[in-house]
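Novice: Below: sequence and its predicted model.
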Amino acid sequence: MKPPRRSMLFMPGDSLRKIAKAATLEADCIVMDLEDGVALNQKAEARKVIAQAFQEVDFGRREKLIRINPLYTGMTYEDIHATIACQPDGYVIPKVEHPDQLKEIDYILRQLEHQQNYPSQSIGLYAVIESALGIVNVGQIAGATPRLRALMFGAEDLAGDIGAQRTSDGWEVFYARSAVVTAAAAYRLDPIDTVHPDFHDPEGLERECQKARQMGYTGKMAIHPNQVATMNKMFSPSPEEIDRAKRLLQVNQEQQAQGIGAFAFEGKMVDMPMIRHAERILQSAQIAGLLDISASQDQ
Ligand code: COA
Ligand code: MG
């Protein structure tokens, strides 16, 4: 079964203290950063610190990811070469604008997986879409390689690129936020919502999680330990939702057996889209470890 990706906690790759701290938190994914969270003159040090962290820190069940620098910086190869021996679960690729960028990294990883004796395709890719060109090409990016596991939406960089001003409603990035989740759904990737930079705003964070979940997002990027619990809660179905979904699917089975496709449940019409929604609730409950049936899922 694929792992949950409700909370993806970022920290600067040159901070062993923060990486070690992250391994004590309930974050589903730990993203050690080599990109914008690390100063230019600290990149080499950060690569070393990350390699050290993989040796010394017990990350438990958490997914271990490394965000590398985009291809145009010329640092991508070094980032990968310096960390491939750590066998990370995957690389987060920022500022993806074209499917060829992912294909190029996929090609490099294919050689390195072979060299290192890792199973083929075992190192995943997670693409951050955070520019106007990235949004325009997001459909092609989503289908670039089977190695891709998630599309992550970056609202702050996008707003900078299109010249938008961020508002608390986020309507200025609604089109892009919607484009990313739609492309992810089309290719069965995990859609991960943008950061909430104000890490002393639990109510605002909860509202943003709710909005993202209503749009179809299944997780969010975190930048501070105190954001993780809210994300895990908000991107997990509640006991009431799980209970209702189970009952609905039970009634559906009975109706189907009688040859009935559309029927009334708790006073409302139910047909296929609602069945699909109920199935999704149970699927995400299972991924979050809230159910004990053992149907298997892809990565
Ligand atoms: N991951 C792991 N641990 C973190 C953390 C993170 N993202 N952010 C803070 N912590 C730790 C701190 O080290 C501190 O632990 P300590 O008491 O053992 O030293 C504790 O959590 C409380 O931190 P706090 O004092 O509230 O924050 P700060 O002033 O140390 O750091 C930021 C604030 C914004 C610099 C920090 O949260 C951070 O580095 N965030 C990630 C930034 C990043 O990676 N950006 C790029 C991706 S968008
Ligand atoms: Mg960024």
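Specialist: In hand now; what should we look at? Ligands and ions are numbered 1, 2, ... in the order given.

Novice: any idea how far the residue lying closest to residue 217 once chain neighbours are set aside lies from ligand 2?
Specialist: Spatial nearest neighbour of residue 217, chain neighbours left out: residue 193 (4.3 Å); criterion: CB to CB, 6 or more residues apart in numbering. Quick note: C-beta positions are derived from backbone N, CA and C, even for glycine. Distance, residue 193 to ligand 2, using CB to the ion, to the nearest Å: 14 Å.

Novice: Same check on residue 111?
Specialist: 28 Å.

Novice: what's the neighbour count on that residue?
Specialist: Using other CB atoms under 10 Å, residue 111 has 10 neighbouring residues.

Novice: Quick one: the strands in the stretch 51-200 of the chain, in order.
Specialist: 63-67, 90-93, 124-129, 148-153, 190-193 (DSSP state E, counting those that start in this stretch).

Novice: Nearest to residue 177 among those strands would be which one?
Specialist: Set against residue 177 and scored by CB to CB, these come closest in strand 148-153, at 5.6 Å.

Novice: Count the neighbours of residue 44 for me.
Specialist: 14.

Novice: mind listing what's buried in whatever helix or strand it lives in?
Specialist: Assigned by DSSP states H and E, residue 44 belongs to helix 43-56. Neighbour counts over helix 43-56 (16 or more other CB atoms under 10 Å) mark 43, 46-47, 49-51, 53-54 as buried.

Novice: just to revisit the earlier point, pipe the strands of the stretch 51-200 of the chain into TSV and attach distance to ligand 1, mean neighbour count and mean pLDDT per row.
Specialist: Shown next, in TSV, are those (distance: least, CB to the nearest ligand atom, whole Å; neighbours: other CB atoms under 10 Å; pLDDT from 0 to 100):
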stretch	distance to ligand 1	mean neighbour count	mean pLDDT
strand 63-67	7	24	98
strand 90-93	9	24	98
strand 124-129	9	26	98
strand 148-153	10	26	98
strand 190-193	12	26	98
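
Novice: Redo those strands as CSV? Include distance to residue 169.
Specialist: As requested, the strands of the stretch 51-200 of the chain are exported to CSV (distance: least, CB to CB, whole Å):
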stretch, distance to residue 169
strand 63-67, 28
strand 90-93, 27
strand 124-129, 20
strand 148-153, 16
strand 190-193, 15
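
Novice: Nearest to residue 182, out of the ones you listed?
Specialist: strand 190-193 (8.6 Å).
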